[in-house]
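In: pasted the sequence and its predicted model underneath.
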Number of protein chains: 2
Amino acid sequence: MAAVTYELIKKDSRTKARRGRVNTPHGPIETPVFMPVGTAGTVKAMKPEEVRDMGAQIILGNTYHLYLRPGHEVVKAAGGLHKFMNWERAILTDSGGFQVFSLGAMRKISEEGVEFRSHIDGSKHMLSPEKSMEIQNALGSDIMMAFDECAPYPADRNYVKNSLERTTRWLKRCKEYHKNTEQQSLFGIMQGGMYKDLRKQSAEEIVELDLPGYAIGGLSVGEPKEIMYEVMDDCVDYLPADKPRYLMGVGSPDCLFEGVERGIDMFDCVLPTRIARHGMAMTSQGRVNIKNAKYERDFTPLDPNCDCYTCRNYSKAYLRHLFKSDEILSSMLMTTHNLHFLVNTMAGIRKAIEEDRFLEYKKEFYDSYGRF
Amino acid sequence: MAAVTYELIKKDSRTKARRGRVNTPHGPIETPVFMPVGTAGTVKAMKPEEVRDMGAQIILGNTYHLYLRPGHEVVKAAGGLHKFMNWERAILTDSGGFQVFSLGAMRKISEEGVEFRSHIDGSKHMLSPEKSMEIQNALGSDIMMAFDECAPYPADRNYVKNSLERTTRWLKRCKEYHKNTEQQSLFGIMQGGMYKDLRKQSAEEIVELDLPGYAIGGLSVGEPKEIMYEVMDDCVDYLPADKPRYLMGVGSPDCLFEGVERGIDMFDCVLPTRIARHGMAMTSQGRVNIKNAKYERDFTPLDPNCDCYTCRNYSKAYLRHLFKSDEILSSMLMTTHNLHFLVNTMAGIRKAIEEDRFLEYKKEFYDSYGRF
């Protein structure tokens, strides 16, 4: 039996939005859910208790980064990633595929896998379906992602078709190699670029393997948002209703709403944490660029409708000062706010679905947040 | 009446060490005390509640830095530094003198004060006794330091004598200009370099002004520690017993013990926070350089005798990984440990004096900590 299971709690009556629960060995995840990214075994600038206390139920770890540093064998010797980083709730690890493909000239793809050079020291490595499983088994994540190829945008049909078919072959190798199925659940990844028929083909091939969950990969890779939404319109219907659906690498507030409306359960993105470190806040009234001179003597909080630690205790003037002074506390406070904002927006979405007023909640949010 | 008062609680029977209390408008400070430095309105990499909860009773702010950024008028408009930075306990601000003297070629000293160029944008400014008081009054610190000249080491006798006499004239101007004596207490600073007779002269001149507290400046400026201790041997005797005594800029563990033994009540230093950001820990077993390869698979805490947040939850292997990955959490966790270590070493010193076993506690500490 698979470690991860999905329970449907309530369906929205007017859209595909659904309120559910993903059960994992490290506790349940109420869905739809936003998952903060902890690339190298830490959600940047946050203590794990802070991430937990703001309501995050699951975080991401990056196989590529943890493999190179400190090395998956070190993490395994520490008792796994949960213990190593002091995080007791669920963890999802990616396959490392996306990162090695992003290395461009520093990698070479073959049927076996991807040969690449480390961005840290230039050393040569090979990542394959088997190697990715070996690393993720060592990390001990609750949800492991299959080693896939995320085709670029734009890409011609032939390239995308070959790529998705190889992704299916790789997925079979992942499933074959992965042994720790009681504690760790392998999710398959649908590819197919912006071609609807190829999305369908990919879905049919991976669903046949009867995995505990499925992700939609290859979106938010540079295409216009309208195209992304259009592809998503159909994607979800190709996936089984009794398994969680995960839209990879997508996390701007509008994408969360559009994704949920189309039946997505899980989202992750570095956006809230990354822009926080660059002085950008997501607030109920839209984005706030804390560097702006107009905040020099603005002693009001970042977001008047927010009850996070940052907004309860600090002014925009102070946050601007910290950012301009290059203080570490700037990243700490801005990250706290942005994660709290997204995690709690998602909590609001869950509540709205329960009350069958998802579309109303979406409209209220869009009216307040403004342009994306 | 001065806002800050000193109470003697207990004297050590064999040394000049003394257990006391400094009362301030923002609460009492049990002495001897170590004061963490919060240069630009933040103790780097720490939330103020974390600094408070580890037992810190007072922190430092830097007049030079806060004057340049965000500007003392901004801090004043925010309601003062306590409110601006969310710190409810006592604050001591330096005069800015030490920083502008450190600017070297970018500053010019005259009887009026020091003309200097900002290290941020090269703009020209003037810091004088009056200006320093104006800035510190705007910041609203509980303890304000006089604008003095800290003579370099080595310096010839004539230079040091002229410098200390100007420091006395500047102190009189500070006292004259400073008006908010109910809420903010001005401390005088003894200078005199390594010349004992000049130390005596400086002390006599400043003690005559009957200020609420006195500091010893101009030590730990490059001289060998033996010379520093020898100068300190006498310095304290020149200062009144009913006022707090503050040794400026000194904070290595051995200096705390040697200072306390010679009758010092207050210490500050950037050392614990700065070396933390460079991966260096102070522990009950001496310094630990977390970068060291031998910690790669060391899953024990930084300090087996420490109960700080870092030592309770993380291993050396994890801390090494964070440091090597340039993660912000590295600075957060290492700073937490080092501040906890010094603040609690000082709590141990206070307890030892109360129990009249200061010298025994010092010996135990030295035996365990090893070389400094």
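Out: Good, I have the coordinates.
In: residue numbers of the stretch 201-350 of chain A in contact with chain B?
Out: Contact residues, the stretch 201-350 of chain A versus chain B (Cβ under 8 Å from any Cβ of the partner chain): A:296-297, A:299, A:309, A:313-315, A:317-318, A:320-322, A:324-325, A:327-329, A:331-332. Where you see a C-beta, it was placed from the backbone N, CA and C, and this is true even at glycine.
In: can you flag the buried ones in the residues you listed?
Out: A:297, A:299, A:309, A:314-315, A:317-318, A:320-322, A:324-325, A:327-329, A:331-332 (16 or more other Cβ atoms under 10 Å in any protein chain shown).
In: take these and keep only those in helices.
Out: In helices, judged by DSSP state H, the following of those are found: A:309, A:317-318, A:320-322, A:324, A:328-329, A:331-332.
In: can you lay out those as TSV showing pLDDT?
Out: Shown next, in TSV, are those (pLDDT from 0 to 100):
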residue	pLDDT
A:309	98
A:317	98
A:318	98
A:320	98
A:321	98
A:322	98
A:324	98
A:328	98
A:329	98
A:331	98
A:332	98
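In: most widely separated two among the residues you listed?
Out: Across these, no pair lies farther apart than A:309 and A:324, at 21.1 Å, counting by Cβ to Cβ.
In: where do the helices sit along the stretch 51-200 of chain A?
Out: Remark: helices assigned in the stretch 51-200 of chain A by DSSP state H, counting those that start in this stretch are A:63-68, A:72-77, A:81-85, A:97-101, A:129-139, A:157-177, A:196-207.
In: between these, which gets the lowest average pLDDT?
Out: Looking at these, the lowest mean pLDDT belongs to helix A:97-101 (a mean of 92).
In: can you list the residues that contact that helix?
Out: Applying Cβ atoms under 8 Å, 6 or more residues apart in numbering or on different chains, the contact partners of helix A:97-101 are A:62-65, A:107, A:109, A:114, A:116, A:127, A:132, A:147-150, A:248-249.
In: make it 6 Å
Out: The contact list for helix A:97-101, computed with Cβ atoms under 6 Å, 6 or more residues apart in numbering or on different chains, reads A:64, A:107, A:114, A:116, A:127, A:147-148, A:150.
In: now, which of those residues sits nearest residue B:4?
Out: Checking the contacts of helix A:97-101 one by one against residue B:4 (Cβ to Cβ), the nearest turns out to be residue A:64, at 56.0 Å.
In: who are the neighbours in contact with residue A:214?
Out: A:188, A:239, A:243, A:245.
In: just want the most central residue of chain A.
Out: residue A:268 (1.8 Å; Cα atoms, centre = their mean).
In: how many neighbours does the closest residue to that residue other than its chain neighbours have?
Out: In space, not counting the residues next to it along the chain, residue A:268 is nearest to residue A:35; the distance is 4.2 Å by Cβ to Cβ, 6 or more residues apart in numbering or on different chains. A count of neighbours around residue A:35, defined by other Cβ atoms under 10 Å in any protein chain shown, yields 24.
In: picking up where we left off before, the contacts of helix A:97-101: which two are farthest apart?
Out: For the contacts of helix A:97-101, the maximum inter-member distance is 15.4 Å, found between A:116 and A:148 (Cβ to Cβ).
In: of those two, who's got more company?
Out: Neighbours were counted for residue A:116 and for residue A:148 using other Cβ under 10 Å; residue A:148 has more, 31 against 23.
In: residue A:190 is in contact with the more buried one, correct?
Out: No: with contact defined as Cβ atoms under 6 Å, residue A:148 does not count as touching residue A:190 (8.9 Å).
In: overlap in contacts, the two.
Out: Counting by Cβ under 6 Å, 6+ apart, nothing touches both residue A:148 and residue A:190.
In: buried ones in stretch A:181-200, by neighbour count?
Out: Quick answer for stretch A:181-200 (16+ other Cβ under 10 Å): A:184-195, A:198-200.
In: nearest to residue B:91 among the residues you listed?
Out: Proximity of the buried residues of stretch A:181-200 to residue B:91 (Cβ to Cβ) peaks at residue A:184, which lies at 50.7 Å.
In: surely the closest one is in contact with residue A:143?
Out: No: in terms of Cβ under 6 Å, residue A:184 does not count as a neighbour of residue A:143; the distance is 7.4 Å.
In: can you pull the residues that touch both of the two?
Out: Residues within reach of residue A:184 and of residue A:143 at once, by Cβ under 6 Å, 6+ apart: there are none.
In: who's in contact with residue A:24?
Out: Applying Cβ under 6 Å, 6+ apart to residue A:24 gives the contacts A:4, A:90, A:142.
In: list the beta-bridge partners for it.
Out: Under DSSP bridges, the beta-bridge partners of residue A:24 are residue A:27.
In: check the gap between it and chain B for me.
Out: Residue A:24 is 22 Å from chain B, where distance means Cβ to the nearest Cβ, to the nearest Å.
In: over to residue A:144?
Out: To chain B, residue A:144 is 21 Å away according to Cβ to the nearest Cβ.
In: for residue A:193, which non-adjacent residue is closest in space?
Out: Excluding its sequence neighbours, the residue lying closest to residue A:193 (Cβ to Cβ, 6+ apart) is residue A:160, at 3.9 Å.
In: contacts only, for that neighbour.
Out: By Cβ under 6 Å, 6+ apart, the contact set of residue A:160 is A:151, A:193, A:195, A:198.
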